[in-house]
Every structure is written in C-alpha cells, then in structure tokens.
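>>> Have a look at this fold, sequence not included:
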C-alpha cells in the first residue's frame, strides 16, 4: 500500500520570517528601490495606513515603470503594485503555501491575519527548509517515533529506508495499528516527502 504524504504537519507560522520590509501606498520609485536593495529581496508588500496588505510591488514593476519613461510623482507603490495581493495565513499548511507559490508564480507570500494585517512573510526558501534535513537524521527521527508508538519488539522488526525524504517501511509490518496509522505517523516527521509501506504484514 502506498499513501502520498507530500508534506509534514508544519504550518506557515513555523517557518515564516516575522520581521518584514514593506512600503506604503505613497512610496515612490526611489524608496521602493532602496527598500528592495537594503533587504535583498525582489518584492515587498504594500500596506494601507492601518497595516493591511493591499498589494505587492516588485523589481519587475519598477523596471516596467522605468522602461515606460521617466517615472513621475504618480509612480507610487499604490500605482505600480500588483493587487489584490496573494497572501496566506499563519496557520495554513506549508503545502498550501507551496501550491499557491507555484500556481501564482510568485517567490514569496505576505502572511496576514484575519484582518489582512501583515504578520510576516514566507518564501520558497522558507518552505524548502523542511527538506534540508539529511536522510540519516530523518530515519533516526522516524525510528524514535516508531519506538514511542509501538512495542520495542514490533519496532525492531520494521526496516526504515530514507532516500531524499522518500520513506520506505518494510519488514514485519504489524496488523495493529496497521500501515495506514504508520503512514500518518511517519508522514508527520519533518523532512518526509512521501511514505511507502509494504503490503506484507507480520503474522
């Protein structure tokens, strides 16, 4: 039996950056460029006066304005930004943030609360942090979780193989709690991409 566990149970709040560079609607080209350069980012959220995220302005937006001619006073963040902003909530699963970045073709997402006020930012590199654990580290964590959940003699009969986050459980797989429960247990370990459990069970 194979069950795909594409992500662990981590949320956006677990990996997001809390200190975020942002600009107001009235920020001009110079302020936008200075902010992008100082924070070494390619885009920043644009905030309304009450802290709500109303858009995102990027290097591409600035370049487009420059190519269109000498930008005047009207070339503000409020005019140049992409709106509505593509955002995510802190409690959202990392899988949701990853899918949003891929489908909307963005490199980072402002993290907002229920009132759309800025609480942080999550980037593709933040999302990928969960996969930076070595396979040996992941395997040790899996064995620890199995030992905590199962009788030691049962755990000893399960072989754990990890390759680039892909987990293969084989050997004497117990009928209780069963492969479905083991899949969920192992899938919750940070760094696990997917889980394959052999269908052959222990007597």
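Yes, it's here. These numbers were taken from a predicted model, which means no experiment stands behind them.
>>> so what does the helix ranked longest in the chain touch, helix or strand wise?
As assigned by DSSP state H, the longest helix anywhere in the chain is helix 135-149. Helix 135-149 makes packing contacts with helix 152-156, strand 158-163, helix 179-187 when contacts are defined by 3 or more CB pairs under 8 Å, 6 or more residues apart in numbering; DSSP states H and E. Backbone N, C-alpha and C define where each C-beta goes, glycine included.
>>> So which helix or strand of this structure has the lowest pLDDT on average?
Comparing helices and strands within the chain by mean pLDDT, DSSP states H and E singles out strand 2-3 as the least confident, with a mean of 37.
>>> one step back: ok, residues contacting the longest helix of the chain?
Contacts to helix 135-149, defined as CB atoms under 8 Å, 6 or more residues apart in numbering, come from residues 155, 158, 160-165, 167, 177, 182, 185-186, 188-192.
>>> Helix or strand: which one has the residue positioned nearest the centre of the chain?
When CA atoms, centre = their mean is applied to the chain, the residue found nearest the centroid is residue 127 (3.0 Å). Under DSSP states H and E, the secondary-structure element containing residue 127 is helix 124-128.
>>> What separation is there between residue 50 and residue 115?
According to CB to CB, to the nearest Å, residue 50 stands 8 Å off from residue 115.
>>> Tell me what the closest residue in space to residue 159 that isn't next to it in sequence is bridged to.
By the measure of CB to CB, 6 or more residues apart in numbering, the closest residue to residue 159 outside its immediate chain neighbours is residue 171, 4.0 Å from it. The partner list for residue 171 in beta bridges (DSSP bridges) reads residue 158.
>>> in this structure, which spans are strands?
Taking DSSP state E as the criterion, the chain contains strands spanning 2-3, 23-24, 43-47, 53-58, 108-112, 118-123, 158-163, 166-171, 194-197.
>>> can you list these in a markdown table and add distance to residue 73 and mean neighbour count?
Conversion of the strands of the chain to a markdown table gives the following (distance: least, CB to CB, whole Å; neighbours: other CB atoms under 10 Å):
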| stretch | distance to residue 73 | mean neighbour count |
| --- | --- | --- |
| strand 2-3 | 57 | 14 |
| strand 23-24 | 15 | 18 |
| strand 43-47 | 17 | 25 |
| strand 53-58 | 16 | 24 |
| strand 108-112 | 26 | 26 |
| strand 118-123 | 26 | 22 |
| strand 158-163 | 57 | 16 |
| strand 166-171 | 55 | 16 |
| strand 194-197 | 53 | 20 |
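>>> Sweet, I'm off.
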